[in-house]
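Trainee: I need the structure of the sequence given here:
(one chain, ligands or ions: 1)
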Amino acid sequence: MMASLGSLPFVLETNVESLVLLETRSSYHSPRFPVCGIKGSCFGHSERSGLCWCKRVLWRSKKVRAIACKSFGKDEYEDGSKDVVHATIEKTKKVLALQRDLLQQISERKKLISSIDSDNISKPEGDGISYEHGTNGRSHSFENQNGNILGIYGGFNESNQDVRVPPPEPASLRLDSLPAFFTNGTENSSLKVKNQDGVIESSLENITDESNEIGSEGEIPHPLAGTNVMNVIVVAAECAPWSKTGGLGDVVGSLPKALAKRGHRVMVVVPRYGNYIEPQDTGVRKTYRVDGHDMEVRYFQAYIDGVDFVFIESPMFHNLEHNIYAGSRLDILKRMILFCKAAVEVPWHIPCGGVCYGDGNLAFIANDWHTSLLPVYLKAYYRDQGLMKYTRSVLVIHNIAHQGRGPVDDFFYVDLAEHYTDLFKLYDPIGGDHFNIFAAGLKSADRVVTVSHGYSWELKTSEGGWGLHGIINDNGWKLRGIVNGIDNKDWNPKFDVHLKSDGYTNYSLETLHTGKPQCKAALQKELGLPVREDIPVIGFIGRLDPQKGVDLIAEAVPWMMGQDVQLIMLGSGRPDLEQMLRNFENQHNDKIRSWVGFSVKTAHRITAGADILLMPSRFEPCGLNQLYAMAYGTVPVVHAVGGLRDTVKPFDPFNETGLGWTFESAESGKLIHALGNCLLTYREYKESWEGLQWRGMTQDLSWDNAAQQYEEVLLAAKYQW
Ligand SMILES: Nc1ncnc2c1ncn2[C@@H]1O[C@H](COP(=O)(O)OP(=O)(O)O[C@H]2O[C@H](CO)[C@@H](O)[C@H](O)[C@H]2O)[C@@H](O)[C@H]1O
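Mentor: Residues are numbered from 1 along each chain as shown. Model prediction:
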């Protein structure tokens, strides 16, 4: 937590406990000894006096004040000191009060949880379920669109329903879900003083006795999200490691954990495509109508890394484990209708850790067109009917090129009243009026996020919006770009499980010189290429789709084959592009390897063993492979578009800055030029190369920063009416 002490020209990096310490010290000072009031030449005075309780404290915080004196000059320090101290004390009191309030709430919750017995806890009861939930003790039963009694909800003030009910439901309601910092009263308990350049000049790390005392009141310090903690439900068609066809799966597998780390209560809802090991049957059964048929769904649940994972099971999802988007357009549409209808009611029905999430202080995060119906259903079935009044939805655009388009008649399937047609209707200059699910989601969601700043700009253009730019511009006020992070447990060369066998090895920045060449040799050996340390290995990993610019690589292959390089490509997707990859390998067997298929292990191994990663995407909302590459000391060469432009700063040989090579337009000539410069640097300028690797590997690519930005979006949605 950053805090500034009134007008003092330095920054105090502290947390609540540290501020409490300041307050405690100040309040103990006798007026006779205003030593900690930073008054006059107080340091010597107070230390000399030796009479005051605060002497001990003063001695410990001497360095802090010394810096203050140094920065201000003595006169200024004397003149402004009193105000500064008062302001500090006031601020500190406020923080203390806030913390006490939170501790109080948490201890009340603790009591509540321990008093919940099998009679009043939410429990499956055969087919129909009734839940008691609500912060005000009142409850409301209601039915869903199929006429089922859904359960009971609460969370708003009946007598004045337009008034939002503070305080928010505590996000981390389940005790087993408390993040580490909840149970560690000393973590981050140091008070650090930074100068104006941000350099830490002094810290009071040893003062733990008082901070422990503070923690002992409720034993739970402030979550990172502070009082903004929310219940968050991420809904998506895929989630790594269970189901993944691309970057969406990665994001859904990792962003929720980062949100949970900030103190939010977080759930992921995904279809159960396979017989996964971790999730257990909750026993809950519900029925939803799809295309005139009642479809029963079951709910499986697992609690992993602070996140509740809920898997929705239905015969409609069976046998799709290895091809989750299999079937016709209508098959996929019907699956997603069922999934979204069921997902939106999960907070009522699934008692994670014994307690349902409920619909107060709740935000859904839907992802791409597949779950764009969720914001629509939330609006049409519930909020427009006066239900789920405090629930919000955020829609994340990972790729606007796939929109769930169909003929206007498809509206019949989504099971909505006629007046919602307009949400879905979109005019296309070629096809005329059509039905568009992404369009409806964008209009219905309270906030929209996309996965980079560059892409959020591109989406508003006719080239980048793929026909939805009009709607995106109309809703521009609710759009924000947030660059994806990476899961730095899964994608970390130091811990990567795929580097533990077959001659590969884990490595870090310190062991880069030996670890990476070992991985390169293992990769060459595994794929049957000549094992040579001096030859640059160029990698490509991606869905074989025109988006990824594989055609540009194809055009550059003749040039590449004239160089002393090896090219390793991993991809699956469009059959003609898969065949193209196979042909490359057949034609240049001594230099090219094409792995056609989906192999997470091979993706990790290429990322570790290659020297260069090629990403000539025609458009790229964010791109994860270039981030993974940089974390592994592999230098990216990318088309400067969308998230690739945001994340790969071009190498500047004069100033030795930048992270890789970029080219400005999707042309093979430009790709060849950039790759040529990259190869030259690899061969001739080893120090520059190492600098590129070093800068790439030392970046903070974690989800922490992005999670904080998502939190801001969730909050904006929460307070939007
Ligand atoms: N054949 C294969 N075998 C194994 N692994 C493979 C693979 N092909 C791809 N992958 C993996 O799938 C992921 C691809 O992620 P990307 O972000 O690069 O692209 P994608 O276009 O799928 O995602 C969309 O969503 C993400 C997330 O928001 C955005 O970053 C991106 O720009 C947008 O197009 C990576 O983890 C990669 O290793």
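Trainee: which residue ranges of the stretch 601-721 of the chain form strands?
Mentor: Along the stretch 601-721 of the chain, counting by DSSP state E, counting those that start in this stretch, strands occupy 612-615, 635-639, 661-663.
Trainee: other residues contacting the last one?
Mentor: Right, strand 661-663. 616, 635-640, 644-645, 648, 650-651, 670-671, 673-675, 677-678 (CB atoms under 8 Å, 6 or more residues apart in numbering). Glycine gets a C-beta too; all of them are placed from N, C-alpha and C.
Trainee: likewise for the longest one?
Mentor: With contact meaning CB under 8 Å, 6+ apart, strand 635-639 is reached by 549, 552, 611-618, 620, 623, 626, 629-630, 644, 648, 659-663, 665-666, 670-671, 674-675, 678, 682, 689, 692-693, 696.
Trainee: among those, which ones are buried?
Mentor: 549, 552, 611-618, 620, 623, 626, 629-630, 644, 648, 659-663, 666, 670-671, 674-675, 678, 682, 689, 692-693, 696 (16 or more other CB atoms under 10 Å).
Trainee: picking that back up, among the contacts of strand 635-639, which are located in helices?
Mentor: 552, 626, 629-630, 644, 670-671, 674-675, 678, 682, 689, 692-693, 696 (DSSP state H).
Trainee: so which helix or strand takes in Y299?
Mentor: Assigned by DSSP states H and E, Y299 belongs to strand 293-304.
Trainee: E321 - how many residues pack around it?
Mentor: 14 (other CB atoms under 10 Å).
Trainee: quick one: contacts for the nearest residue to it once chain neighbours are set aside?
Mentor: Nearest non-adjacent residue to E321, counting by CB to CB, 6 or more residues apart in numbering: G274, 3.5 Å away. Listed by CB under 8 Å, 6+ apart, the contact set of G274 reads W242, S243, L320, E321.
Trainee: now do the phi/psi pair for G274.
Mentor: Phi and psi for G274, reported as degrees, to the nearest 10, are phi -140, psi 180.
Trainee: is the ligand contacted by stretch 465-481?
Mentor: No: Stretch 465-481 lies out of reach of the ligand by CB under 6 Å from any ligand atom, never closer than 11.3 Å.
Trainee: now do the buried residues in that stretch.
Mentor: G465, W466, G467, L468, H469, I471, I472, N475, K478, L479, R480, G481.
Trainee: which among the residues you listed gets closest to A401?
Mentor: W466 (5.5 Å; CB to CB).
Trainee: my guess is the closest one contacts I400. True?
Mentor: Yes: between W466 and I400 there is a contact at 5.0 Å, judged by CB atoms under 8 Å.
Trainee: how about the residues of this structure by the ligand?
Mentor: Looking at the ligand, the residues of the chain close enough under CB under 6 Å from any ligand atom are 246-248, 250-251, 398-399, 451, 484, 541-543, 570-572, 598-600, 603, 620-625, 643.
Trainee: tell me the domain ranges of this structure?
Mentor: 225-479, 509-699 (the TED database).
Trainee: make JSON lines out of those and add mean pLDDT.
Mentor: Shown next, in JSON lines, are these (pLDDT from 0 to 100):
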{"stretch": "domain 225-479", "mean pLDDT": "97"}
{"stretch": "domain 509-699", "mean pLDDT": "98"}
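Trainee: what is the neighbour count of the residue of the stretch 251-400 of the chain found nearest the ligand?
Mentor: Nearest to the ligand, among the residues of the stretch 251-400 of the chain, is H398, at 3.6 Å (CB to the nearest ligand atom). Counted by other CB under 10 Å, the residues lying close to H398 total 21.
Trainee: show me the contacts for it.
Mentor: G247, L248, V251, N367, D368, T450, V451, P621, C622.
Trainee: in a markdown table: those residues, plus secondary structure.
Mentor: Listed next are these as a markdown table, based on DSSP: H, G, I helix; E, B strand; the rest coil:
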| residue | secondary structure |
| --- | --- |
| G247 | helix |
| L248 | helix |
| V251 | helix |
| N367 | strand |
| D368 | coil |
| T450 | strand |
| V451 | coil |
| P621 | coil |
| C622 | coil |
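Trainee: just those now: which is nearest L333?
Mentor: Nearest to L333, judged by CB to CB, of the contacts of H398 is D368 at 13.7 Å.
Trainee: next, count neighbours for that closest one.
Mentor: Around D368 there are 22 residues (other CB under 10 Å).
Trainee: for it, which non-adjacent residue is spatially closest?
Mentor: H398 (5.1 Å).
Trainee: give me the pLDDT for the nearest residue to I482 once chain neighbours are set aside.
Mentor: With CB to CB, 6+ apart as the criterion, I482 has its nearest non-adjacent residue at 4.6 Å, and that residue is Q709. Confidence at Q709, expressed as pLDDT, is 98.
Trainee: also the one 5 residues further on?
Mentor: The score at L714 is 98. That number is its pLDDT.
Trainee: tell me who's in contact with it.
Mentor: L714 makes contact with M230, V232, A363, I365, R392, V394, R447, according to CB under 8 Å, 6+ apart.
Trainee: going by neighbour count, which of those residues comes out on top?
Mentor: Counting neighbours by other CB under 10 Å, I365 comes out on top of the contacts of L714 with 29 neighbours.
Trainee: and that residue, what element?
Mentor: Element membership of I365, judged by DSSP H and E, is strand 362-367.
Trainee: from G247, how far off is D291?
Mentor: 31 Å (CB to CB, to the nearest Å).
Trainee: neighbour-wise, which of the two wins?
Mentor: Applying other CB under 10 Å to D291 and G247 shows that G247 carries more neighbours, namely 24 against 13.
Trainee: for the closest residue to that one other than its chain neighbours, grab the count of nearby residues.
Mentor: Spatially, and ignoring its direct neighbours in sequence, G247 is nearest to L624 (4.8 Å; CB to CB, 6+ apart). Residues contacting L624 under the criterion other CB under 10 Å number 25.
Trainee: and L624, what does it touch?
Mentor: L624 is in contact with G247, D250, V251, N484, I486, counting by CB under 8 Å, 6+ apart.
Trainee: D428: which of the residues you listed is nearest?
Mentor: G247 (26.6 Å).
Trainee: isn't the closest one up against G623?
Mentor: Yes: under the criterion of CB under 8 Å, G247 makes contact with G623 at 7.5 Å.
Trainee: which element is the spatially most central residue of the chain on?
Mentor: Nearest residue to the geometric centre of the chain (CA atoms, centre = their mean): L255, 2.8 Å. In the assignment (DSSP H and E), L255 maps to helix 247-261.
Trainee: same check on F339?
Mentor: Using DSSP H and E, F339 falls within helix 329-343.
Trainee: repeat that for A521.
Mentor: Using DSSP H and E, A521 sits in helix 512-527.
Trainee: quick one: contacts of that helix?
Mentor: For helix 512-527, the external contacting residues (CB under 8 Å, 6+ apart) are 493, 499, 502-508, 529-533, 537, 566, 568, 593, 595, 605-606, 608-611, 632-633, 693, 697.
Trainee: starting at the chain centroid, how far to stretch 638-653?
Mentor: 21 Å (CA atoms, centre = their mean, to the nearest Å).
Trainee: may I see the buried residues of that stretch?
Mentor: Neighbour-count burial for stretch 638-653, counted by 16+ other CB under 10 Å, picks out 638-648, 650-651.
Trainee: got it, and stretch 571-590?
Mentor: For stretch 571-590, burial by neighbour count (16+ other CB under 10 Å) applies to G571, S572, G573, L577, E578, M580, L581, F584, E585, H588.
Trainee: contacting residues for the fourth one?
Mentor: Neighbouring residues of L577 by CB under 8 Å, 6+ apart: L544, D545, V550, G571.
Trainee: against the ligand, how distant is it?
Mentor: 11 Å (CB to the nearest ligand atom, to the nearest Å).
Trainee: that residue: which element?
Mentor: Secondary-structure assignment from DSSP H and E places L577 in helix 575-587.
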